[in-house]
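Asks: got a predicted structure plus its sequence, pasted below:
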There are 2 protein chains.
Amino acid sequence: MAKLTRKISESTIHRLSIYYRALVALERDNYTTISSKELAKREKLTPAQVRKDLSFFGSFGTRGLGYPVVELKNKIAEILGLTRLWNVALIGVGNIGSALAQYKEFAKQGFNIKLVFDNDQRKIGSNHKGIIVSDIREFRKLAQTEQIDIVIIAVPAQAAQAICDEVVSAGIKAILNFAPINLKVPDDVILRNQNMCIELEHLAFALSNPGN
Amino acid sequence: MAKLTRKISESTIHRLSIYYRALVALERDNYTTISSKELAKREKLTPAQVRKDLSFFGSFGTRGLGYPVVELKNKIAEILGLTRLWNVALIGVGNIGSALAQYKEFAKQGFNIKLVFDNDQRKIGSNHKGIIVSDIREFRKLAQTEQIDIVIIAVPAQAAQAICDEVVSAGIKAILNFAPINLKVPDDVILRNQNMCIELEHLAFALSNPGN
DNA sequence: TTTAATTTGTGAAACAGTTCACAAATAATT
DNA sequence: AATTATTTGTGAACTGTTTCACAAATTAAA
């Protein structure tokens, strides 16, 4: 893909994911074109926002008509890196971890959970609903042979930083963290956090402060 | 609490949750005061950001010294609405739903999952690891008697909008949605989305576009 | 074919969020 | 008690994001 001239904002990337989902639905419903106006309406955004976001990556639309659904969907897939498969390892087979291991959406988008790790001997080796759990001590070796691109950390907060350090030292450059703690990683490692309590706290704030 | 004069930004609220967690840890480690400099360093923010965020809600610090840890923690808890308990209902006992039903962090922050619903007769009534599942058809009645404040939707995408409509019509004003779909709600209902695929897509984008 | 209606793509304007920089307040030191 | 060091709180400057508004391109209609 062409190198981007400008730094793309987090919000634009987030909306790209949203457009992608909308386009998948539009394709299923046999739409051939979609205008920025209609796409914005469906996703509660503004038409200008949609056009501006897309314009960072090129000119995909036709004036007077709109954007070609399938073409745009493919283009966004390319931008987001969804035209290839990604090898994912999941660490931690607690409540959240085992739910994620069986979450169907990941595979649909090309995220293959190839390895699942834990440090609990009772879980290791077990074949629970099709998941075989490996010993976390084998992480470095297995991550290398399976060419893991992305690691999901779903261990308790107090164990997370040590696991994270191990993951980083194995050369992994992208981490999705579910532990409610701020992990320290080097600058060349991309870290994203998914903290479900924070979302609930946001709702609590909104309920407590009407009009905000 | 005093009515806020300005609209508080999403990012400030998000960081408030982060400060709160940091302060809980600082209290545990017997810190009595913390400077904006040190707090910022721990959470990879800037001191000015920390001070500005807090200044929207009042003056909590002492010049030359910093902020009193416990006092500030309590103040933020009050701002976020964490000084009371919130009654939460969870809908959908699939992979994600049952993981959330057992997730300990929620209760720790005062979010009590009082009801769990599903439409699958095989799951209803079952006492799976301490969770009793109610029939979704009873939602309106039970939500009222249990005074539910917040609903978590964890059903498949295609079922989510209908469930959401039912929840809204029962008078619920705050929803946390895990289904990978953009739910339509009236303006007076606060909706937050937790889409785990989007986070992975963000990582895929970052890996595919180094330097962004 | 001509005219009217759409809709994109994009600079410019407006708005929002972050960082700077410094006076004021307090603590710590001499 | 006086001096020095620290740190807050906050306008102002800056930076980044969103919205506006319109020329240009194209489609649809007359």
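Replies: Noted; the coordinates are in hand.

Asks: residues in contact with the longest strand along chain A?
Replies: Longest strand of chain A, by residue count under DSSP state E: strand A:111-118. Strand A:111-118 has contacts (Cβ atoms under 8 Å, 6 or more residues apart in numbering or on different chains) with A:85-93, A:97, A:100-101, A:106-107, A:124, A:131-136, A:138-139, A:142-143, A:146, A:148, A:150, A:152, B:197, B:200, B:204. C-beta coordinates here come from the backbone N, C-alpha and C atoms, glycine included.

Asks: and the helices in chain A?
Replies: A:10-28, A:36-42, A:47-55, A:69-80, A:95-101, A:104-108, A:139-145, A:157-169, A:196-208 (DSSP state H).

Asks: what average pLDDT does the fifth one get?
Replies: Computed over helix A:95-101, the mean pLDDT rounds to 95.

Asks: now the third one
Replies: Per-residue pLDDT values over helix A:47-55 give a mean of 98.

Asks: ok, it near DNA strand D or not?
Replies: Yes - residues of helix A:47-55 contacting DNA strand D under Cβ under 7 Å from any atom of the strand: A:48-49, A:51-52.

Asks: what packs against that helix?
Replies: helix A:10-28, helix A:36-42 (3 or more Cβ pairs under 8 Å, 6 or more residues apart in numbering or on different chains; DSSP states H and E).

Asks: work out the gap between it and the centre of the chain.
Replies: 22 Å (Cα atoms, centre = their mean, to the nearest Å).

Asks: that one to helix A:69-80, inter-axis angle?
Replies: Put simply, helix A:47-55 runs at 60 degrees to helix A:69-80, going by axes from the mean of the first three to the mean of the last three Cα atoms, to 10 degrees.

Asks: so what touches stretch A:100-110?
Replies: Taking Cβ under 8 Å, 6+ apart as the rule, stretch A:100-110 contacts A:82, A:84-86, A:88, A:90, A:93, A:112-113, A:116, A:129-131, A:152, A:154, A:178, B:95-96, B:180, B:196-197, B:200-201.

Asks: same thing but at 6 Å, please
Replies: Contacting residues not belonging to stretch A:100-110 are listed as A:82, A:85, A:90, A:113, A:116, A:131, B:95, B:180, B:197 [Cβ atoms under 6 Å, 6 or more residues apart in numbering or on different chains].

Asks: repeat for stretch A:123-130
Replies: Contacts of stretch A:123-130 (Cβ under 6 Å, 6+ apart): A:93, A:133, A:135.

Asks: report the buried members of the residues you listed.
Replies: A:93, A:133 (16 or more other Cβ atoms under 10 Å in any protein chain shown).

Asks: which ones among the contacts of stretch A:123-130 are found in strands?
Replies: Those of the contacts of stretch A:123-130 mapping onto strands are A:133, A:135, per DSSP E.

Asks: JSON lines for the contacts of stretch A:123-130, including distance to DNA strand D?
Replies: As requested, those are exported to JSON lines (distance: Cβ to the nearest atom of the strand, whole Å):
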{"residue": "A:93", "distance to DNA strand D": "37"}
{"residue": "A:133", "distance to DNA strand D": "40"}
{"residue": "A:135", "distance to DNA strand D": "42"}
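
Asks: circling back: distance to residue B:189 for the helices of chain A - can I get that in CSV?
Replies: Supplementary listing: the helices of chain A in CSV, determined by distance: least, Cβ to Cβ, whole Å:
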stretch, distance to residue B:189
helix A:10-28, 19
helix A:36-42, 18
helix A:47-55, 22
helix A:69-80, 29
helix A:95-101, 26
helix A:104-108, 24
helix A:139-145, 43
helix A:157-169, 31
helix A:196-208, 10
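
Asks: coming back round to it: chain B: which of the helices and strands packed on helix A:47-55 is closest?
Replies: Comparing the helices and strands packed on helix A:47-55 by their distance to chain B (Cβ to the nearest Cβ), the top pick is helix A:10-28, with 4.4 Å.

Asks: buried stuff in the closest one?
Replies: Across helix A:10-28, burial judged by 16+ other Cβ under 10 Å covers A:12-27.

Asks: now the angle between helix A:69-80 and that helix, please.
Replies: 150 degrees.

Asks: anything in helix A:10-28 near DNA strand C?
Replies: No - using Cβ under 7 Å from any atom of the strand, helix A:10-28 never reaches DNA strand C; the gap is at least 10.1 Å.

Asks: touching that helix from outside, list them.
Replies: Contact with helix A:10-28 is made by A:34, A:42-43, A:53, A:69-70, A:72-73, A:76, A:80, B:198, B:201-202, B:205, as judged by Cβ under 6 Å, 6+ apart.

Asks: good, we can wrap up now.
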